[in-house]
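Student: structure for this input, please:
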Amino acid sequence: MEIFHPSFVVGIGASAGGLNAFKAFFNASPSNTGMAFAVISHIHPDAHSQLAEILSRHTKMTVVLAASAMKVRADQVYVIPGNADLLIENGSLQVISPRTRRNAQVDIFFTSLAIAMGARAVGIVFSGYDGDGAEGCKRIKAAGGTTFAQDISAEVSGMPLSARATGCVDFVLSPDKIPAELDKLSMRLGTAP
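Tutor: Here you go, the predicted model:
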């Protein structure tokens, strides 16, 4: 069933201030990109995440809470559960709970994404404190993938600025401008996995 295989897997990481960035990104994203999206947000371990429900109001793609052994499919959005690390291996998701380290979930996912997808890995770092995502951007770039960081529109600039400081970010854009760049990337590299 080749049709289900995503052409790219896009990891989107954020923390404080990330919700508006996620909404703007998905509002601007077509529902038939052929890509799969994983949303990695720092959610308090005890919080029941409403994120999947909220994001489903901003895209026609199917939005689900990620679960272990879930196959990654094109035109779907996977949201990290609270108090968990998310990995991608052999086209499937792995959820490790409880999380191994606080506020390292973006790096953990991006690192597994770089290994799993190589040049078809995309990492996007949105608003948040500290530097989660920076190390992951380095890994994605080293594997031939593509990276994005939110521009000055970030409500909290720590995470995107840390990613940019690595020298491994390809594009610095507002969330609503990133989908058009992803479309160009898809055209340039072709859609066959």
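Student: so where's this structure shaky on pLDDT?
Tutor: For the chain, applying pLDDT under 70 flags the ranges 1-4, 45-48, 190-193.
Student: can we see that at 80?
Tutor: Within the chain, the stretches with pLDDT under 80 are 1-4, 43-49, 189-193.
Student: show me where it has its strands.
Tutor: Here the chain has its strands, by DSSP state E, at 9-14, 36-41, 62-65, 76-79, 85-89, 92-96, 121-125, 146-150, 171-173.
Student: mean neighbour count and distance to residue 105 for these - can I get that in a markdown table?
Tutor: To be clear about C-beta, it is placed using only N, CA and C from the backbone, and glycine gets the same treatment. Shown next, in a markdown table, are these (neighbours: other C-beta atoms under 10 Å; distance: least, C-beta to C-beta, whole Å):
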| stretch | mean neighbour count | distance to residue 105 |
| --- | --- | --- |
| strand 9-14 | 29 | 7 |
| strand 36-41 | 26 | 5 |
| strand 62-65 | 16 | 14 |
| strand 76-79 | 24 | 12 |
| strand 85-89 | 21 | 6 |
| strand 92-96 | 17 | 10 |
| strand 121-125 | 31 | 12 |
| strand 146-150 | 27 | 17 |
| strand 171-173 | 16 | 22 |
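Student: export these as TSV, with columns for distance to residue 131.
Tutor: Below are the strands of the chain laid out as TSV (distance: least, C-beta to C-beta, whole Å):
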stretch	distance to residue 131
strand 9-14	11
strand 36-41	14
strand 62-65	26
strand 76-79	22
strand 85-89	17
strand 92-96	21
strand 121-125	9
strand 146-150	12
strand 171-173	16
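Student: of these, which approaches residue 55 most closely?
Tutor: Comparison of the strands of the chain against residue 55 by C-beta to C-beta identifies strand 62-65 as nearest, at 4.9 Å.
Student: tabulate the CA atom coordinates of that closest one in PDB.
Tutor: The C-alpha atoms that make up strand 62-65 are tabulated as PDB, following Å, rounded to 0.1, in the frame of the first residue of the first chain:
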ATOM      1  CA  THR A  62      -6.700  13.400  10.500                       C
ATOM      2  CA  VAL A  63      -5.200  14.400  13.900                       C
ATOM      3  CA  VAL A  64      -4.500  11.700  16.400                       C
ATOM      4  CA  LEU A  65      -2.700  11.200  19.700                       C
END
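Student: that one: partners in the sheet, and parallel or antiparallel?
Tutor: strand 76-79 (parallel) (DSSP bridges).
Student: what's the closest non-adjacent residue to residue 177?
Tutor: Leaving out its chain neighbours, the residue that sits closest to residue 177 by C-beta to C-beta, 6 or more residues apart in numbering is residue 28, at 7.5 Å.
Student: test my guess that the one you found contacts residue 173.
Tutor: No. Using C-beta atoms under 8 Å, residue 28 is not in contact with residue 173; the gap is 10.7 Å.
Student: before we move on, the earlier item: residue 112 is nearest to which of the strands of the chain?
Tutor: strand 85-89 (4.1 Å).
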